[in-house]
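1. Give me the fold of what follows.
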Amino acid sequence: MALKLFSVRHQLAFYGTYHNHPVNVAIHTIFVPCILWTLLIICARVLPWPQAFPRYHLTINEWLAFDLNWSALWMIVNLTYYYILEPTAALIYTPEWILIALSSASFAYRTEWMPFVVILQIASWASQVIGHSCAEGRSPALAENLLGALVLAPFFVHIEILFGFGYKPELRAHVNSLVKVAIARMDAEKAAKGKPRCQDKKCC
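-> Below is the predicted model of the structure:
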């Protein structure tokens, strides 16, 4: 189990099993970064930073800042995990990751923006529900693994974009084959559960 935690192929296959329909993939490509950005802002405002912990704030410009808080730690730990999973993709993702982290830290101080942030957070989650229910026809990955879905979704959206530009075609092909097998297994299990009990027992 621990080895699978650090296997990019296994983690991509798990995510891809629940995000295979192109409409659902497009929805996630747009709204997963929105969920991340707004969630960082909300957490920076509502999660208290312990008095015993060091405090640090750096204003870079009007739109970018850095605060040592739970949101910053979340971003640092997750990016470290991404480098373990897929270093090249993580390196390409790092500038965007830093921009999300620094811009969210700055906007956390802008009280007048909070209604927009909350609305965007709710709308982004609603889009996920629509994508899964109307396009994918499968429950979200967070229903099976909440923490894993929250941690991995931004990175895997990024990798999906890289795949579109020809990034590591052998990795993409292998992951797609694992996804097809997993989806076929899930569909078979769903069909089996849908059979009347008397058919399973040959009582009809």
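
2. Report pLDDT for the spatially most central residue of the chain.
-> The centroid of the chain falls nearest to residue 153 when counting by C-alpha atoms, centre = their mean (1.6 Å). Per-residue confidence at residue 153 stands at 91 (pLDDT).

3. Counting by contacts, list what the helix or strand hosting it packs against.
-> Using DSSP states H and E, residue 153 sits within helix 146-164. Applying 3 or more C-beta pairs under 8 Å, 6 or more residues apart in numbering; DSSP states H and E, we find helix 146-164 packed against helix 8-17, helix 22-46, helix 70-85, helix 87-107. Any C-beta I mention is one placed from the backbone N, CA and C, and that applies to glycine too.

4. So what angle separates the directions of the helix or strand just after the last one and helix 22-46?
-> By that I understand helix 87-107. As assigned by DSSP H and E, the chain's next helix or strand after helix 87-107 is helix 114-130. Interaxial angle, helix 114-130 versus helix 22-46 (axes from the mean of the first three to the mean of the last three C-alpha atoms, to 10 degrees): 150 degrees.

5. residue contacts, residue 130?
-> Counting by C-beta atoms under 8 Å, 6 or more residues apart in numbering, residue 130 makes contact with residue 27.

6. and it, what pLDDT?
-> 91.

7. With residue 65 instead?
-> Per the predicted model, pLDDT is 97 at residue 65.

8. Please report how far it lies from residue 133.
-> Taken as C-beta to C-beta, to the nearest Å, the spacing of residue 65 relative to residue 133 amounts to 38 Å.

9. More neighbours: these two, which one.
-> residue 65 (19 against 13; other C-beta atoms under 10 Å).

10. Not counting its neighbours along the chain, what's nearest the more buried one?
-> residue 106 (4.1 Å; C-beta to C-beta, 6 or more residues apart in numbering).

11. count of neighbours near that neighbour?
-> 20.

12. Surely it touches residue 58?
-> No: using C-beta atoms under 8 Å, residue 106 makes no contact with residue 58, being 10.4 Å away.

13. any common contacting residues for those two?
-> Joint contacts of residue 106 and residue 58 (C-beta under 8 Å, 6+ apart) are residue 65.

14. How about residues contacting the helix holding residue 153?
-> Counting by C-beta under 8 Å, 6+ apart, residues outside helix 146-164 touching it are 11-12, 14-16, 19, 25, 28-29, 32-33, 35-36, 78, 81-82, 85-86, 89-90, 92-93, 96, 140-142, 167-168, 172.

15. Let's see that with 6 Å instead.
-> Residues from elsewhere that reach helix 146-164 (C-beta atoms under 6 Å, 6 or more residues apart in numbering): 11, 15, 28-29, 32, 36, 78, 82, 89, 93, 141-142, 172.

16. Could you check how many residues crowd around the residue lying closest to residue 49 once chain neighbours are set aside?
-> Once flanking residues are discounted, residue 49 sits nearest to residue 69: 5.0 Å by C-beta to C-beta, 6+ apart. Burial of residue 69 is recorded as 21 neighbouring residues (other C-beta under 10 Å).
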